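> model this:
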Amino acid sequence: MSDLLTYRGTVYPWHCDHVGHMNVMWYVGKFDEATWSLLLQIGLTPTYLREQQRGMAAVQQNISYKRELHAGDVVEVRSRLIEIREKGVRFVHEMRNVERDEVAATCELTGIHMDRVARKACPLPPAIRAAAERLVTAEA
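Numbering: from 1, shown residues only. Next up, the predicted model:
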């Protein structure tokens, strides 16, 4: 995957469930943090979102779990934009166990750019769309 580093962190004991591996809620949380890092890199910054009364909302998310993660594992997420639309983006995250260099999970998301006042999708600004288009890579 030719991609951007969007998250790096550690699995803590409280991230683990009764089976002893990281619970699905923490995979989602780490993917969410990676999403905001990716969006920042195309210009969807916290300042822009606040000042323009805009937001991003996930409308589809598909996660595949490949390998268990345990307390103490260091993970990183690399992300790739695969499609830019008038009002949204589609991208993939790949979470890896850094020590073992193994894919732990993948997540494909579709997000829409929204007007927070009108509560509906709206077009991405041309500058942000252009920045995103420069980062689009072919689907694997």
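> Can you tell me what sits against the longest strand belonging to the chain?
Secondary structure of the chain per DSSP state E: the longest strand is strand 102-115. Identification of contacts with strand 102-115 by CB atoms under 8 Å, 6 or more residues apart in numbering yields 27, 31, 35, 39, 44, 53-69, 75, 82, 87-97, 120-124. Quick note: C-beta positions are derived from backbone N, CA and C, even for glycine.
> residue boundaries of the helices in this protein?
Secondary structure of the chain by DSSP state H: the helices cover 24-41, 46-51, 126-135.
> chain center to the last one, what's the gap?
For helix 126-135, the distance between its averaged C-alpha position and the chain's averaged C-alpha position is 17 Å (CA atoms, centre = their mean, to the nearest Å).
> Could you do the first one as well?
Averaging C-alpha coordinates over helix 24-41 and over its chain gives two centres that are 4 Å apart (CA atoms, centre = their mean).
> cool, the second one as well?
The chain centre lies 18 Å from the centre of helix 46-51; the measure is CA atoms, centre = their mean.
> helices or strands up against that helix?
The elements that helix 46-51 packs onto, with contact taken as 3 or more CB pairs under 8 Å, 6 or more residues apart in numbering; DSSP states H and E, are strand 54-65.
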